[in-house]
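In: the following comprises the amino acid sequence and a computationally predicted model.
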Amino acid sequence: MEFLSKNAIKLDKSANELDKFVIDFIKILRKYADYVIISGYVAIILGRSRATEDVDILIKKPAKTQFLKFCKELSEQGYWSLTSDLPETLWEYLCSNTGIRFAKNKTVIPNMEIKLVKNNLDNEAMNNKVKLLMCGDELQISSIELQIAYKKIILASPKDLEDARHIEKALKDFVDIEKLKKYEKLVKSEWGK
Amino acid sequence: MGQIKQDKQKNQQERMKFVDYWAEYVRTHSDKDWGDQQAALINSQLANKYPLTREEYLKIIKKSK
């Protein structure tokens, strides 16, 4: 792992099947919306020894026309939605803060779950992204420190505590301790709301 | 119940020990090295996934929340 800057990490590894799924999907998504990958896949792409059935993504709300074009291109490129076959319905779900899921045609795993940015923590994730360079492509992932704080304090399941621990230890040369403390405070205050 | 709780705690401690071990391995080995090992795990899990319909999957997700 090479830490190019405070906001950029380079990985020199081959893409596994989950990585390929994410990279191919993001190539389409980023044409239509600003996004950030959060949660389990962040730990996995940074080496965590587990798989996941879904990848969580936050997006800034696009224009409806852009979103419908996005759905059209996904359909043309061999994806379907697990949530609804109707793009208009998917738009309504998205705008009502319900996650919408997409997978390769006629499959369900792996899938991408997309949600709109809706609160302060989501905004922090969107505004403090880390660029991850891999296989000649670029993914935008959540701030490492925010992921650690969120998993330790809010999610806090055994799996999430393990994810947080993995990120903290594997990236101990990169983790900004002051930033981590700041996010732990922020997460606790948001959690109390 | 006391024994079960103790076993659960012991299990979690052992799992964390492995997390620490593997995190250090990732930190100190090439991306290709740990990436290939991780790929074997992830690719095999995805290849052997249970065939679910869309509806079955969404039902499972809903129940788990």
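Out: Structure received.

In: who touches stretch A:12-25?
Out: Stretch A:12-25 has contacts (CB atoms under 8 Å, 6 or more residues apart in numbering or on different chains) with A:2, A:37, A:41, A:44-45, A:51-52, A:55, A:79, A:102, A:104, A:110, A:112, A:134-135, A:137, A:139, B:30-32, B:34-36, B:38-39, B:42-43, B:46-47. In short, each C-beta sits where N, CA and C put it, glycine included.

In: in helices, which of those residues fall?
Out: A:41, A:44-45, B:31-32, B:34-36, B:38-39, B:42-43, B:46-47 (DSSP state H).

In: got those residues as TSV, with neighbour count, pLDDT and distance to A:Ala156 columns?
Out: As requested, those are exported to TSV (neighbours: other CB atoms under 10 Å in any protein chain shown; pLDDT from 0 to 100; distance: CB to CB, whole Å):
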residue	neighbour count	pLDDT	distance to A:Ala156
A:Tyr41	24	96	19
A:Ile44	22	97	19
A:Ile45	24	96	21
B:Asp31	18	97	29
B:Lys32	12	96	33
B:Trp34	21	97	26
B:Gly35	22	97	28
B:Asp36	13	96	32
B:Gln38	24	96	24
B:Ala39	17	96	29
B:Ile42	20	95	24
B:Asn43	15	95	30
B:Leu46	18	91	27
B:Ala47	8	89	31
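
In: ok, now which ones touch the nearest residue to A:Ala103 once chain neighbours are set aside?
Out: Nearest residue to A:Ala103, sequence neighbours excluded (CB to CB, 6 or more residues apart in numbering or on different chains): A:Asn111, at 3.9 Å. Applying CB under 8 Å, 6+ apart to A:Asn111 gives the contacts A:Glu53, A:Asp54, A:Val55, A:Leu82, A:Arg101, A:Phe102, A:Ala103.

In: likewise for A:Pro158?
Out: A:Pro158 touches B:Gln12, B:Arg15, counting by CB under 8 Å, 6+ apart.

In: so how far is A:Leu74 from it?
Out: 34 Å (CB to CB, to the nearest Å).

In: so what pLDDT did the residue nearest to A:Ala103 get?
Out: Here the pLDDT value assigned to A:Asn111 is 96.

In: what of A:Gly192?
Out: Reported pLDDT for A:Gly192: 68.

In: and A:Glu190, that's in a strand?
Out: No: read with DSSP: H, G, I helix; E, B strand; the rest coil, A:Glu190 is helix and lies in no strand.

In: hmm, it is touching A:Lys118, no?
Out: No: the criterion here is CB atoms under 8 Å, and A:Glu190 misses it with A:Lys118 at 11.7 Å.

In: out of everything not next to it in sequence, what's closest to the residue of chain B found nearest chain A?
Out: Per CB to the nearest CB, B:Gly35 is where chain B lies closest to chain A, at 2.9 Å. Using CB to CB, 6+ apart and skipping residues adjacent in sequence, the residue nearest B:Gly35 is A:Lys13, 2.9 Å away.

In: mind checking pLDDT for A:Ala51?
Out: For A:Ala51, the pLDDT comes out at 90.
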